[in-house]
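Chemist: I'd like to go over a predicted model; first the sequence, then the structure.
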Amino acid sequence: MWTTLNDSLSQLGESPFWHPAERSLYWLDIPGRAVLRTRGDIASPGVERWNMPTEPGCMAPARSGGLVVALRDGVYRAREWGSELQPMARVDHDVRTMRFNDGKCDPLGRFWAGTLNEAKDRANAALYCLDARGGRAPTLTQMANEATTANGLAFSPDDTTVYWADTAAHRVRAWTWAARPNRLSNPRVFRQFGDKPAGWTAESLIRYEGRPDGATVDAEGHYWVAMFEGGQLLRFAPSGEQVSALPTPVQCPTMPCFGGDDLRTLFVTTARRGRPAAELEQRPASGHVLSIRVATPGLPVRFFED
């Protein structure tokens, strides 16, 4: 049974991760321009909020302390909670219509983040990787492109596959990954979902799976993806075969992550901004962080190395 995290309401929750040393859950409210985290007992926590100057799209914890955060115009480093945001890398895109969105660190400590075209008029979003390991000058490299809304980033447990979704295209792609030299090859469609049917509403009888939003991978290498407007999380085997569906009490789950001491608590952020009043009345958990216990544990969060 799903549990709603107290005091976790956001307009559009995203980028959750479990910090094992702090035993805290972190997540973002993108339009609310804030980083949030739990403090104290996760069963009944307090929630701290840290306001950002622009929309934070994604973040990751840093091994040496603090966070790395992708804001609208670039990637920034905060050495501790609430500290000054130090610019690390900027992307030359039009910040009036483009911003960073989904991302996380890979197992080698590099930070990956994709962009989003808010106008949704062309597939000009891209996926970038920031490498600052060993104290080197931060280097930002474009890894993939031809997307409208970057989402669904995940890495297989054996470090041989990268998953990346384009929400607008209802598509998850996969690449063969050579992790140490950081090379992608063999691009392919991992899963193509059906388009949103004309006239669809949450109350209609028209079937709609939703479109792929944020994602994570469990210890067995299965890909979990939040299906925005589909009211569910889907779990896929590495072959691309769907193995299970987990309905949510909200229409718009946004991103899952695993946490708790045994990594068997599945957390998922959700959205309420822009949703119809009738939907919010029927699904009051919309915008909150939800959690449920699962049989297969996840993988621990990957830390940024600098």
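Modeler: Nice, thanks for sending it over.

Chemist: which SSE is Thr270 in?
Modeler: Assigned by DSSP states H and E, Thr270 belongs to strand 265-270.

Chemist: ok, residues contacting that strand?
Modeler: 5, 10, 13-16, 18, 25, 27-28, 214, 224, 226, 233, 246, 248, 250, 252-259, 285-294, 298 (CB atoms under 8 Å, 6 or more residues apart in numbering). Placement of C-beta: from N, CA and C, glycine included.

Chemist: what about Ala237, neighbour count?
Modeler: 13 (other CB atoms under 10 Å).

Chemist: pull the following helix or strand past the strand holding Thr270 out as PDB, backbone CA atoms only.
Modeler: The first helix or strand that comes after strand 265-270 along the chain, using DSSP H and E, is helix 277-282. Only the C-alpha atoms of helix 277-282 are listed here, as PDB (Å, rounded to 0.1, in the frame of the first residue of the first chain):
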ATOM      1  CA  ALA A 277      -9.400  20.500 -10.400                       C
ATOM      2  CA  ALA A 278     -11.500  17.300 -10.600                       C
ATOM      3  CA  GLU A 279      -8.400  15.200 -10.900                       C
ATOM      4  CA  LEU A 280      -6.800  16.800  -7.800                       C
ATOM      5  CA  GLU A 281     -10.000  16.300  -5.900                       C
ATOM      6  CA  GLN A 282     -10.200  12.600  -6.700                       C
END
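
Chemist: residues contacting helix 277-282, please?
Modeler: Residues contacting helix 277-282 (CB under 8 Å, 6+ apart): 202-203, 251, 272, 286.

Chemist: against which helices or strands is the next helix or strand after that helix packed?
Modeler: Remark: after helix 277-282, the chain's next helix or strand is strand 290-293, criterion DSSP H and E. Other helices and strands packing on strand 290-293, by 3 or more CB pairs under 8 Å, 6 or more residues apart in numbering; DSSP states H and E, are strand 3-4, strand 265-270.

Chemist: if we go to 10 Å?
Modeler: strand 3-4, strand 253-259, strand 265-270 (3 or more CB pairs under 10 Å, 6 or more residues apart in numbering; DSSP states H and E).

Chemist: turn those into a markdown table, including mean pLDDT.
Modeler: As requested, the helices and strands packed on strand 290-293 are exported to a markdown table (pLDDT from 0 to 100):
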| stretch | mean pLDDT |
| --- | --- |
| strand 3-4 | 96 |
| strand 253-259 | 98 |
| strand 265-270 | 98 |
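
Chemist: appreciated, that's everything.
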